[in-house]
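Colleague: just a sequence and a predicted model for now, questions to come.
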Amino acid sequence: MSDARTSLAQACERLDDLTGRPGRLAEVLDVADLSYRTGISAETVAGLLAGESAPETDLSDRVRQRLDFVRESRRRPDGKRYSLDELARIAGTSRQWLSEWRRSGLPSLEHADRIRRFFDLPAGFFTADEAEALHTALQPVLRELEAKTDPLAPLRTPGFYRLARRAPHMSPRKLQALAEWAEMVTEKNSADDDDI
């Protein structure tokens, strides 16, 4: 668990740098969305972002809490909550088994994975501790902020490095064409250009 806490602390430190709002990540990031994606309460997410420790939870309690969280936060297309019978069908089991899972917090991996895949939840959603789950959910946020602060990031690929190594041997006309191509690739694409 200390590895997950260390990784989360490092991610938060990097986010502090990228946002320029050290210690105020809960004000900058979408805490409700992070809660939705992790199955962790918004209060716990805000606390973890502020450097606090989450209360230790037993694995069975964590699994039970996350199942209840899914049931409360994910809705059917008509906006209603999924019934236990519907969740049991999604899991490929009976309502009795699902009720037992909610009571004991110990699902079969196969049934838990069916629910996870149906709701498009991240791997480890039911079992990851709070620090690990939040660290995973912060990775796309980090990548997005890093891309905004480093506009040359799309050029830092092996293909572009190979082209750059060949540049000293290119004619001025080829270098100009390469520069124009790189500029075109890094421009913000309109919706019509996405298929290029």
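Modeller: Right, received. Where do you want to start? Numbers count the residues shown, from 1 in each chain.
Colleague: going forward, measure contacts and count neighbours with C-alpha atoms only.
Modeller: Noted.
Colleague: remind me which residues of this structure are low pLDDT?
Modeller: Within the chain, the segments meeting pLDDT under 70 span 1-2, 105, 153-155, 186, 188-196.
Colleague: any idea which helix is longest in it?
Modeller: Looking across the chain with DSSP state H, the single longest helix is helix 130-149.
Colleague: CA atoms only for the very next helix or strand once past that helix, dumped as CSV, please.
Modeller: Downstream of helix 130-149, the next assigned helix or strand under DSSP states H and E is helix 158-166. Provided in CSV are the C-alpha atoms of helix 158-166 (Å, rounded to 0.1, in the frame of the first residue of the first chain):
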residue,chain,number,x,y,z
PRO,A,158,10.7,7.7,-32.3
GLY,A,159,9.5,8.5,-35.8
PHE,A,160,10.2,12.2,-35.4
TYR,A,161,13.6,11.5,-33.8
ARG,A,162,14.6,9.4,-36.8
LEU,A,163,13.6,12.2,-39.1
ALA,A,164,15.5,14.7,-37.1
ARG,A,165,18.7,12.6,-37.2
ARG,A,166,18.4,12.6,-41.0
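Colleague: return the distance of helix 158-166 from the chain's centre.
Modeller: 31 Å (CA atoms, centre = their mean, to the nearest Å).
Colleague: circling back: and the longest helix of the chain, how far out from the chain middle?
Modeller: Taking the mean of its C-alpha atoms, helix 130-149 sits 7 Å from the chain's own mean (CA atoms, centre = their mean).
Colleague: contacts for it, please.
Modeller: Residues outside helix 130-149 that contact it (CA atoms under 8 Å, 6 or more residues apart in numbering): 4-5, 7-8, 11, 14-15, 18-19, 34, 37-38, 40, 45, 48, 54, 124-125, 153-154.
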